[in-house]
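Asks: sequence isn't available, so here's the structure alone:
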């Protein structure tokens with residue numbers, strides 16, 4: 001009999017703490033997870049005030065040598081406050097700070113940008129990091145991927161999964177509700193990504209993980225069922241939403257790819273980042289993309305639309321604050337974002353006629 005030789009490495013967080021006023025648990029978490037006492041705290045100026053200063057005080061008072069690095073201030077747009085896409089310059093800044101301080105672990109305290117920079121720096125340094133979100137705007141809290149910006153637009157890079165996640169729902173619930181709605185839309189869009197993955201498995205014989213897909217789908221389905229609860233804005237709803245975002249990130253670790261949470265809807269979003277930057281949040285764009293891609297799959301796209309509407313996430317171009325012509329342009333260019341990744345858009349993408357019809361039928365444009 002031929003010996004079974006398939007080998008796969010899956011790295012998950014060792015600890016996940018989600019709950020009310022859990023920030024003070026950082027001391028015990030560090031004592032259990034690291035040998036040594038040198039910590040690098042990564043924040044931006046906002047998140048340092050929100051949680052960073054308190055974490056610094058807790059750890060310094062417990063005998064840890066804590067060094068800090070402050071990233072670029074988040075941008076203020078006409079619609080909302082959100083972090084700028086991180087760049088390799090910021091990653092290099094964190095790497096230099098960690099090397100100078102001889103830090104044994106990195107703590108990323110903030111939104112998606114801060115956490116993405118921290119996880120990339122940790123990857124380059126072969127160090128562990130703890131993910132400490134202050135907002136829940138997308139599913140990168142526990143994922144092994146990070147989004148960066150370069151001259152060509154946004155791109156996804158291999159990073160490292162956090163060794164632990166510490167999510168204080170008392171902190172996250174105070175962030176603008178739009179951030180939470182965006183994070184929920186990002187996870188709900190997994191339903192479209194899974195369909196793309198299944199299609200690539202059938203037509204291109206791409207490797208498929210039933211376990212990873214099930215995790216991703218479970219997280220998405222729970223948010224569909226909890227849409228009205230999420231809209232309440234209560235801290236318990238934040239707790240449910242954050243758990244789903246963490247499970248979505250873990251699904252990517254199981255798969256060893258972003259496939260469980262990234263398909264044509266994400267390619268559509270990344271294209272919008274290039275042609276209409278700063279107009280909407282990542283999760284918001286993915287949610288709208290999922291409405292259209294689920295229609296193409298012949299699935300229940302109306303359920304996706306209605307759930308997003310209930311949650312309070314955008315469901316059309318107007319609510320994204322993006323011109324209709326940019327929606328069409330993004331649909332036409334989406335397949336070029338990752339031509340090696342097979343999705344419902346096919347090898348050649350949509351024609352202009354098909355893109356206009358799709359946007360019109362789904363009410364997106």
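Replies: Thanks, I have the structure now. These numbers come from a predicted model, not from an experiment. Numbering: from 1, shown residues only.
Asks: list the buried residues for stretch 198-209?
Replies: 198, 199, 200, 201, 206, 208, 209 (16 or more other C-beta atoms under 10 Å). All C-beta atoms are positioned from the backbone trio N, CA, C, and that covers glycine.
Asks: how about stretch 166-173?
Replies: So stretch 166-173, judged by 16+ other C-beta under 10 Å, has buried residues 166, 167, 168, 169, 171, 172, 173.
Asks: my read is that residue 344 contacts residue 194, right?
Replies: No - here residue 344 does not reach residue 194: they are 11.5 Å apart, not a contact under C-beta atoms under 8 Å.
Asks: overlap of the contact sets of these two?
Replies: residue 263 (C-beta atoms under 8 Å, 6 or more residues apart in numbering).
Asks: the closest residue to residue 31 other than its chain neighbours in helix, strand or coil?
Replies: Spatial nearest neighbour of residue 31, excluding adjacent residues (C-beta to C-beta, 6 or more residues apart in numbering): residue 62 at 7.9 Å. What DSSP: H, G, I helix; E, B strand; the rest coil gives for residue 62 is coil.
Asks: cool, the one 5 residues further on as well?
Replies: Taken by three-state DSSP, the conformation at residue 67 corresponds to strand.
Asks: do I have it right that it meets residue 101?
Replies: Yes - contact criterion C-beta under 8 Å: residue 67 and residue 101 qualify, at 4.0 Å.
Asks: quick check: residue 108 vs residue 29, distance?
Replies: 14 Å (C-beta to C-beta, to the nearest Å).
Asks: and for the residue lying closest to residue 197 once chain neighbours are set aside, the neighbour number?
Replies: Excluding its sequence neighbours, the residue lying closest to residue 197 (C-beta to C-beta, 6+ apart) is residue 259, at 4.5 Å. Neighbours of residue 259 under the rule other C-beta atoms under 10 Å: 25.
Asks: got phi/psi on residue 205?
Replies: Dihedral angles of residue 205 (phi, psi; degrees, to the nearest 10) stand at phi 60, psi 30.
Asks: just the pLDDT for it.
Replies: We have a pLDDT of 97 for residue 205.
Asks: check which helices and strands the longest helix along the chain sits against.
Replies: For the chain, the helix with the greatest residue count under DSSP state H is helix 235-255. Counting contacts by 3 or more C-beta pairs under 8 Å, 6 or more residues apart in numbering; DSSP states H and E, helix 235-255 packs against strand 15-19, strand 164-168, helix 169-172, helix 177-188, helix 210-225, helix 227-231.
Asks: buried residues in that helix?
Replies: For helix 235-255, burial by neighbour count (16+ other C-beta under 10 Å) applies to 237-255.
Asks: next one: stretch 351-360
Replies: 355, 356, 358, 359.
Asks: could you figure out how far the helix or strand containing residue 272 is turned away from helix 177-188?
Replies: Applying DSSP states H and E as the criterion places residue 272 in helix 264-275. For helix 264-275 against helix 177-188, the angle by axes from the mean of the first three to the mean of the last three C-alpha atoms, to 10 degrees is 130 degrees.
Asks: so residue 148 lies in a strand, does it not?
Replies: Yes - counting by three-state DSSP, residue 148 is located in a strand.
Asks: for it, give its distance to residue 270.
Replies: Distance of residue 148 to residue 270, given as C-beta to C-beta: 11 Å.
Asks: more neighbours, the two?
Replies: Counted by other C-beta under 10 Å, residue 148 and residue 270 do not tie: residue 270 has more neighbours, with 24 against 20.
Asks: now do the domain split for this protein, please.
Replies: Here the domain assignment for the chain is 15-172, 178-361, based on automatic domain parsing.
Asks: give me the distance from the longest one to the chain's centre.
Replies: Mean C-alpha position of domain 178-361 versus that of the full chain (C-alpha atoms, centre = their mean, to the nearest Å) differs by 11 Å.
Asks: next, the distance between the ends of that domain.
Replies: 26 Å (C-alpha to C-alpha, to the nearest Å).
Asks: now do the first one
Replies: Terminal residues of domain 15-172 are spaced 19 Å apart (C-alpha to C-alpha).
Asks: what's the closest of the helices and strands packed on helix 235-255 to residue 340?
Replies: helix 210-225 (19.1 Å; C-beta to C-beta).
Asks: buried residues, the closest one. List them.
Replies: Those would be 212, 213, 215, 216, 217, 219, 220, 222, 223, 224, for helix 210-225 by 16+ other C-beta under 10 Å.
Asks: check stretch 53-65 too.
Replies: By 16+ other C-beta under 10 Å, the buried positions in stretch 53-65 come out as 54, 55, 56, 58, 59, 64.
Asks: hmm, who's touching it?
Replies: 23-24, 26-27, 30-31, 37-39, 41, 66, 68, 101, 107, 109, 132.
Asks: mind checking the pLDDT average for stretch 28-41?
Replies: On average, stretch 28-41 scores 94.
Asks: can you check stretch 254-266 too?
Replies: The model assigns stretch 254-266 a mean pLDDT of 96.
Asks: how long is that stretch end to end?
Replies: 19 Å.
Asks: try stretch 329-343
Replies: Here the two ends of stretch 329-343 are set 18 Å apart, with distance taken as C-alpha to C-alpha.
Asks: contacting residues around it?
Replies: Here stretch 329-343 makes contact (C-beta under 8 Å, 6+ apart) with 196, 199-200, 203-204, 206, 263-264, 267-268, 270-272, 274-276, 289, 292-293, 345-350, 352, 355, 358-359.
Asks: which ones are touching the residue nearest to residue 197?
Replies: Residue 259 neighbours (C-beta under 8 Å, 6+ apart): 193, 196, 197, 200, 206, 212, 252.
Asks: next helix or strand past the helix or strand of the chain with the lowest mean pLDDT?
Replies: Within the chain, confidence by mean pLDDT, DSSP states H and E is lowest for strand 81-82 among all helices and strands, at a mean of 41. Beyond strand 81-82 on the C-terminal side, the first helix or strand identified by DSSP H and E is helix 88-101.
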